[in-house]
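Student: compute the structure for the input listed below.
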Amino acid sequence: MSIYKRKSVRARKNGKHRYTVVVDIQGEGGKRARKTIGTYGTRDEAEQAEREALTARDKGHNVATKSLTIGQMMAEYLDYCKSDPEHHTAATIETYTLKSKRYIEPKLGSIVLSKLQPATIAAWRNELAATIGRRKKPLSPKTVHNVYGLLHAALSLAIGLEYIGRNVCDVKAAKPSRPTTSGYAGTALNDDEVRSLLAAAEPTRWRSFIILALATGARRGELCGLSWEDVQVDARKVRIRRSLSQTKGRIELKDTKTHRERVIGLSAWALDALHRQRVMQAEERLRAPVGLYVDSGAVFTNELGERVTPMAATKAFGRIARVAGISTQRLHDTRHTAASHLIANGSDAVTVAGVLGHESATITLSIYSHAFDDVKHDATDRLGARMERIAAGG
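Tutor: The predicted model follows:
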């Protein structure tokens with residue numbers, strides 16, 4: 001372990017020196033190596049850093065945390081996520097990477113990890129809330145909360161690795177307000193819009209896909225991941241057990257979002273749509289050039305039998321929605337439409353959660369509380385009318 005006085009031209013000119021701390025560590029293969037801890041303005045600061053580095057080295061901890069930046073810590077956290085694919089899918093890692101590069105690293109990336117303060121986090125949080133996103137609007141509270149949570153997770157890893165002693169994101173003044181999911185701003189199509197949507201989809205290959213989305217409330221990836229072996233026509237059921245994930249340059253079948261299978265019923269309308277899909281696939285198999293048709297076993301395929309991708313479904317729905325002139329172009333809003341109709345027809349939260357594949361009924365209630373409020377109001381109206389008849393001797 002050594003402290004070196006830097007003899008730069010600037011130092012000689014202003015009569016000030018800076019001190020660099022270098023430590024001996026055990027490198028790869030047990031070989032001795034040297035690590036620069038940092039450069040300090042006074043010898044006292046350098047000696048303090050030397051003592052801390054010596055203590056860290058003897059405990060087997062990272063001795064270079066004095067120079068570790070937020071940007072480097074984010075990279076280390078993303079590497080950690082990649083090493084745990086069971087809990088962090090490729091799509092999740094891609095989302096984390098984009099959020100880090102877009103919202104964390106530009107403002108905080110160059111700050112030394114050990115010098116990050118709650119005031120800096122609070123200022124960054126406020127700036128983040130005012131940031132104009134890709135849709136030319138300020139970031140939603142949910143996005144701000146998610147980005148903040150990503151930084152919090154990276155700092156928690158830093159604590160676990162004993163790079164730092166506390167997570168400054170835990171300081172109350174630095175935290176953003178938690179967004180409420182009650183009354184989630186998804187769009188449920190009204191009856192006229194459903195009819196317009198299906199009329200616009202009729203001449204396309206996507207009509208059956210949209211009907212299944214409306215009839216089951218399944219997620220986009222779940223529909224794309226559906227195989228014919230999952231469909232039980234006689235029992236009028238479908239088993240949703242996989243989801244097709246699409247990231248840049250990679251498409252893979254994986255577990256559902258909750259990592260659990262679910263079996264839901266199929267209405268006569270849904271079964272008719274599946275029958276039409278079978279017929280269309282049989283016709284396309286006959287029309288395809290010899291050897292080019294792929295028998296993927298998927299329910300929803302392109303003209304050559306290959307499984308359709310989530311992005312293709314999203315783009316197709318957007319095109320059809322524009323032709324239909326409805327209030328949304330988001331494929332995910334077919335899920336909100338299905339949920340709203342389930343609730344309006346008297347289904348309880350547990351049933352709706354089971355159909356949609358929510359982890360618990362609590363999630364369903366938090367997202368669709370406004371819809372359940374309408375149902376509860378109708379129920380109390382009926383209750384009041386009944387009590388009034390009883391009171392009147394009816």
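
Student: report pLDDT for the closest residue to residue 116 other than its chain neighbours.
Tutor: Leaving out its chain neighbours, the residue that sits closest to residue 116 by C-beta to C-beta, 6 or more residues apart in numbering is residue 168, at 5.4 Å. (Glycine included, C-beta is placed from N, CA and C.) At residue 168, the model reports a pLDDT of 87.

Student: quick one: residue 168 and residue 113 touch, right?
Tutor: No: using C-beta atoms under 8 Å, residue 168 is not in contact with residue 113; the gap is 10.0 Å.

Student: for those two, indicate the residue with more neighbours.
Tutor: Using other C-beta atoms under 10 Å, the more surrounded residue of residue 168 and residue 113 is residue 113, with 21 against 18.

Student: so who does the residue nearest to residue 116 touch?
Tutor: Taking C-beta atoms under 8 Å, 6 or more residues apart in numbering as the contact definition, residue 168 lies against 116-118, 120-121, 155, 174.

Student: now with 10 Å?
Tutor: 113, 116-122, 151-152, 155, 174 (C-beta atoms under 10 Å, 6 or more residues apart in numbering).

Student: also residue 281?
Tutor: 205, 228, 293, 295-296, 298-301, 303, 305.

Student: where does the prediction get shaky in the stretch 1-150 of the chain?
Tutor: Residues of the stretch 1-150 of the chain meeting the criterion pLDDT under 70: 1, 6-17, 25-39, 56-66, 135.

Student: alpha carbons only: can I get the helix or strand harbouring residue 371 in PDB?
Tutor: Assessed by DSSP states H and E, residue 371 sits inside helix 369-391. Backbone C-alpha positions of helix 369-391 (Å, rounded to 0.1, in the frame of the first residue of the first chain) are rendered in PDB as follows:
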ATOM      1  CA  SER A 369     -61.800  -0.900  -8.800                       C
ATOM      2  CA  HIS A 370     -63.900   1.700 -10.800                       C
ATOM      3  CA  ALA A 371     -65.700  -1.200 -12.700                       C
ATOM      4  CA  PHE A 372     -66.400  -3.000  -9.400                       C
ATOM      5  CA  ASP A 373     -67.800   0.300  -8.000                       C
ATOM      6  CA  ASP A 374     -70.400   0.400 -10.700                       C
ATOM      7  CA  VAL A 375     -71.300  -3.300 -10.100                       C
ATOM      8  CA  LYS A 376     -71.600  -2.600  -6.300                       C
ATOM      9  CA  HIS A 377     -73.800   0.400  -7.000                       C
ATOM     10  CA  ASP A 378     -76.100  -1.800  -9.100                       C
ATOM     11  CA  ALA A 379     -76.200  -4.400  -6.400                       C
ATOM     12  CA  THR A 380     -77.200  -1.800  -3.700                       C
ATOM     13  CA  ASP A 381     -79.900  -0.500  -6.100                       C
ATOM     14  CA  ARG A 382     -81.400  -4.000  -6.400                       C
ATOM     15  CA  LEU A 383     -81.000  -4.400  -2.600                       C
ATOM     16  CA  GLY A 384     -82.800  -1.200  -1.900                       C
ATOM     17  CA  ALA A 385     -85.600  -2.000  -4.300                       C
ATOM     18  CA  ARG A 386     -86.100  -5.400  -2.700                       C
ATOM     19  CA  MET A 387     -86.200  -3.900   0.800                       C
ATOM     20  CA  GLU A 388     -88.700  -1.300  -0.300                       C
ATOM     21  CA  ARG A 389     -91.000  -4.000  -1.600                       C
ATOM     22  CA  ILE A 390     -90.600  -5.900   1.700                       C
ATOM     23  CA  ALA A 391     -91.400  -2.700   3.600                       C
END
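
Student: domain parsing for this structure?
Tutor: Per automatic domain parsing, the structural domains of the chain span 2-63, 70-174, 191-330.

Student: quick one: residue 322 and residue 200, what's the gap?
Tutor: 9 Å (C-beta to C-beta, to the nearest Å).

Student: more neighbours, these two?
Tutor: residue 200 (20 against 11).

Student: regarding that one, what are the backbone dihedral angles?
Tutor: phi -70, psi -30 (degrees, to the nearest 10).

Student: residue 53 reaches residue 22, doesn't it?
Tutor: Yes: if you go by C-beta atoms under 10 Å, residue 53 and residue 22 touch, sitting 9.4 Å apart.

Student: neighbour count: the two, which is higher?
Tutor: The neighbour comparison of residue 53 against residue 22 (other C-beta under 10 Å) goes to residue 53, with 24 against 16.

Student: and that one, which helix or strand is it part of?
Tutor: helix 43-58.

Student: then residue 318?
Tutor: Using DSSP H and E, residue 318 falls in helix 310-324.

Student: count the residues that sit near residue 77.
Tutor: Neighbours around residue 77, by other C-beta under 10 Å: 20.

Student: burial check on the nearest residue to it once chain neighbours are set aside, number of neighbours?
Tutor: The shortest distance from residue 77 to any non-neighbouring residue, by C-beta to C-beta, 6+ apart, is to residue 154 (3.9 Å). Neighbourhood size, residue 154 [other C-beta under 10 Å]: 24.

Student: for residue 174, same thing?
Tutor: 20.
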